[in-house]
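Student: Curious how this folds, go ahead:
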Amino acid sequence: MTEAKTLLARLRHIASTAPERIAVEDDTGKRSFADLMARAARVRAMLEKRGLGRRRIGLFASPGASWVEAFVGCLLAKCPAVALSPIYPASELAFLLRASRSSAVLVSRDLEQQAQSALGSTMTLIIEDLAATDVVSSGSDAEPRMSDVALVLFTSGTTGKPKGAKLTHENVMALAESLGGAWGFSSDDVLLHTLPLHHLHGIGVSLLVALASGATTRFVPFEPGRVWDELGRATALMGVPTQHKKLFDAFDAASDDTKGRWASHGRALRLVTSGSAALPTAVGERWRALSGTYPLERYGMTEIGIVLSNPLDGERRPGSVGLPLPGVEMRLVGDGESDVPAGDPGELWIRGRTVFAGYDDNENATRDSFSGDWFKTGDTARSSEDGYVTMLGRTSVDILKSGGYKLSAVEIENVLREHDGVADVAVVGLPDDTWGDLVVAAIVERPGRTTSDGALRAWARERMAPYKVPKRIVMLVDLPRNALGKVQKNTLVRLLTERGQT
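Tutor: This is a model prediction of the structure:
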């Protein structure tokens, strides 16, 4: 990568030195880096003409070229971009717009009607209209300050009310450079992008890494058969475990000829990554059998970017999120804020250039999340003697205290997933006078297979210590999830409590 302080400077450099290189493409067409910057400049000019320069601007657009043009246009206008999702209900959008203080929302043409009913009285501007004007900005082309907010992403809400995380231009560029270098991205890459664009995974981990590397990003909706077909012209795929599982469900249901074609596409990929939740080992091994390499698992969160990763060239350990990336400092902290030895569980603390600038208008939450300049992730992990980190779950959700034992819900889930009748599972603790946390496993059965509470618990006793075996098994049709496929455990606890499982 060429030296550039900001993502905006990097994009300008690529557009001037390799103008015809394709930056993004979707079902509507292709945009070269020069086209992208020209259209983004028109978005900027129209924002400034309407007096919206430096104001916060919401992005309510389908994944694709228009979203990217709007985002880069916001960067040019020095407007912090607020990532919104078209799948949110109107009440959720209203909360996010109020919380982010967005002055207007940029909307893609395909969502125009939905925006009229979902966004209330907020000013909306159609991206395609802005990008097609002949208005030229009269503002300064000076680079934004590294400390200026570039992007506001809302936390997933899996453990509480969403909070706006302020990511600066330094955060964004540090993330793009770190992952681009660690994962070997270059202008030769074509990233097949199937993720939503209101989370760190879809924006920071996928799109911005590709853009900053001069790579091409090809947007397609996540339809398993189509994804397999499109992989034939891609070099990289990033996804969440649910997507990887659905890809292989489709693969198994395909004809022999189709399987052969799809397998050749999979083998040609340079990189497959998985994140946002733990990848079941069985799914990872399917990729290894197909492509020869295990998916690259990594760890991060909205507030800190990606900070741990298995190596591109080196040992990728199933179940581990790897090692600290260059420039990242890590601690595992126990009681009394003292570091724990290798092998012992502790809360993961992180510091580095990708750590965010704080929560929006929430000084208390920001203060509580830091100890000095160390960000307290709220995730519990342990490290091996040689530094590989294994996540044990959210301290507040996935670390259970039952009968005097501290248990990892993730560890129990990984064992239960090995049962051939279990399609998916989530383990939670329900309040109980005797146990503290009554350990309950919510099971989604594999189609065509049935099992019973007693049989599954007996099977589990053969594979884990008795105190780790769930006290109850509950069968569900599906598990409550957010847009990225993460199980919403607080919702699950509420559901089970309402059903009288306590």
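Student: how does the protein divide into domains?
Tutor: As assigned by automatic domain parsing, the chain contains the domains 7-168, 397-498.
Student: highest average neighbour count across those?
Tutor: Among those, ranked by average contacts under mean count of other CB atoms under 10 Å, first place goes to domain 7-168 (a mean of 19). (Glycine included, C-beta is placed from N, CA and C.)
Student: Relative to T497, how far out is the residue nearest to R472 when sequence neighbours are not counted?
Tutor: With CB to CB, 6 or more residues apart in numbering as the criterion, R472 has its nearest non-adjacent residue at 4.7 Å, and that residue is V440. Per CB to CB, to the nearest Å, V440 is found 10 Å from T497.
Student: list residues touching both of those two?
Tutor: L430 (CB atoms under 8 Å, 6 or more residues apart in numbering).
Student: what about V307, which SS state?
Tutor: Here V307 is strand, with the state taken from DSSP: H, G, I helix; E, B strand; the rest coil.
Student: so how many other residues sit close to it?
Tutor: Neighbour count for V307, taken as other CB atoms under 10 Å: 28.
Student: ok, now how distant is the residue located most distally from the centre of the chain from L195?
Tutor: The C-alpha centroid of the chain is most remote from T434, which lies 37.4 Å away (CA atoms, centre = their mean). Shown here: T434 relative to L195, a distance of 43 Å by CB to CB.
Student: pLDDT weak spots in the stretch 1-150 of the chain?
Tutor: 1-3 (pLDDT under 70).
Student: Which parts of it are strands?
Tutor: 22-26, 29-32, 57-60, 81-83, 104-107, 124-126, 149-154 (DSSP state E, counting those that start in this stretch).
Student: who's the nearest residue in space to S102 that is not next to it in sequence bridged to?
Tutor: Excluding the flanking residues, the one nearest S102 by CB to CB, 6+ apart is G58, at 4.2 Å. Beta-bridge pairing for G58 (DSSP bridges): V82, V105.
Student: quick revisit: hang on, isn't the residue nearest to R472 packed against K471?
Tutor: Yes. Between V440 and K471 there is a contact under CB atoms under 8 Å: 6.9 Å.
Student: still on that earlier bit, can you tell which of the strands of the stretch 1-150 of the chain is closest to L476?
Tutor: The stretch from the strands of the stretch 1-150 of the chain with the least distance to L476 (CB to CB) is strand 149-154; that distance is 27.1 Å.
Student: other SSEs contacting that closest one?
Tutor: Counting contacts by 3 or more CB pairs under 8 Å, 6 or more residues apart in numbering; DSSP states H and E, strand 149-154 packs against strand 81-83, helix 90-100, strand 164-168, helix 169-182.
Student: switch to 10 Å and redo it
Tutor: helix 7-17, strand 57-60, helix 65-76, strand 81-83, helix 90-100, strand 164-168, helix 169-182 (3 or more CB pairs under 10 Å, 6 or more residues apart in numbering; DSSP states H and E).
Student: where does this protein have its least confident helix or strand?
Tutor: None of the helices or strands of the chain scores lower by mean pLDDT, DSSP states H and E than strand 405-408, at a mean of 82.
Student: And the very next helix or strand once past that strand, what does it pack against?
Tutor: Downstream of strand 405-408, the next assigned helix or strand under DSSP states H and E is helix 409-416. With contacts taken as 3+ CB pairs under 10 Å, 6+ apart, helix 409-416 sits against strand 389-394, strand 399-402, strand 422-432, strand 436-445, helix 453-461.
Student: looking only at pLDDT, what's the mean for stretch 155-168?
Tutor: Taken as a whole, stretch 155-168 carries a mean pLDDT of 77.
Student: hmm, I was thinking of stretch 287-294
Tutor: 96.
Student: I would like the residues contacting that stretch, please.
Tutor: Applying CB atoms under 10 Å, 6 or more residues apart in numbering, the external contacts of stretch 287-294 come out as 237, 244, 247-248, 251, 259, 262-272, 274, 279, 281, 284-285, 295, 310, 312, 315-318.
Student: measure the spatially most central residue of the chain to M301 for me?
Tutor: With distances taken as CA atoms, centre = their mean, H201 lies nearest the centre of the chain, 2.7 Å away. Separation of H201 from M301 (CB to CB) stands at 10 Å.
Student: can you list residues touching both of the two?
Tutor: Both H201 and M301 are contacted by S276, under the criterion CB under 10 Å, 6+ apart.
Student: Quick one: residues contacting the closest residue in space to V220 that isn't next to it in sequence.
Tutor: Closest residue in space to V220, ignoring its immediate chain neighbours: E230 at 5.3 Å, by CB to CB, 6+ apart. When contacts are counted by CB under 10 Å, 6+ apart, E230 touches V190, L192, T194, R218, V220, E223, L237, H265.
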